[in-house]
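Could you work out the structure for the sequence below:
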Amino acid sequence: MYAVIRRYEGVTDSAEAGRRVDEGFVPLLRRVPGFVAYYWVDAGNGVMVSTSVFEDQSGAEESIKRAADFVRENLAPLLPNGPQVTAGPVVAAG
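Numbers count the residues shown, from 1 in each chain. Sure, this is the predicted structure:
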């Protein structure tokens, strides 16, 4: 498995960002080959974190492209700062 974590700071409306991600991005992500799981977390204080898990690196890389497009087209006013992206193979899971 392969995971991608994105951390967004300076989120202007966490509830609206969550709604848009749930209604718009999650359905797109589920269609990426190798999709396993996705979580969008409100960490408070204008910070939101997403975690995507895929069967392999190619699915994860596709999710990075789709996330960038979705943010640019649907979330830019709510997520004014680019994300910190961390990706790599899953080496332990529970």
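
May I have the longest strand along the chain exported as CSV, CA atoms only?
The longest strand of the chain (DSSP state E) is strand 35-44. C-alpha atoms of strand 35-44 as CSV (Å, rounded to 0.1, in the frame of the first residue of the first chain):
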residue,chain,number,x,y,z
PHE,A,35,-8.2,3.3,-4.0
VAL,A,36,-8.4,1.9,-0.5
ALA,A,37,-9.4,4.7,1.9
TYR,A,38,-9.6,8.5,2.4
TYR,A,39,-9.9,10.7,5.5
TRP,A,40,-10.4,14.5,5.7
VAL,A,41,-9.6,15.7,9.3
ASP,A,42,-10.3,19.1,10.9
ALA,A,43,-7.3,19.5,13.1
GLY,A,44,-8.5,22.9,14.4
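
Could you list the paired strands of it along with their orientation?
With DSSP bridges as the test, strand 35-44 is paired with strand 47-54 (antiparallel).

how far does the strand it pairs with sit from the chain's center?
The chain centroid and the centroid of strand 47-54 are separated by 4 Å under Cα atoms, centre = their mean, to the nearest Å.

and the most centrally placed residue in the chain, how far is that from residue 42?
For the chain, the residue whose C-alpha lies nearest the mean C-alpha position (Cα atoms, centre = their mean) is residue 50; its distance is 4.1 Å. Distance, residue 50 to residue 42, by Cβ to Cβ, to the nearest Å: 11 Å. (Each C-beta comes from the backbone N, C-alpha and C, glycine too.)
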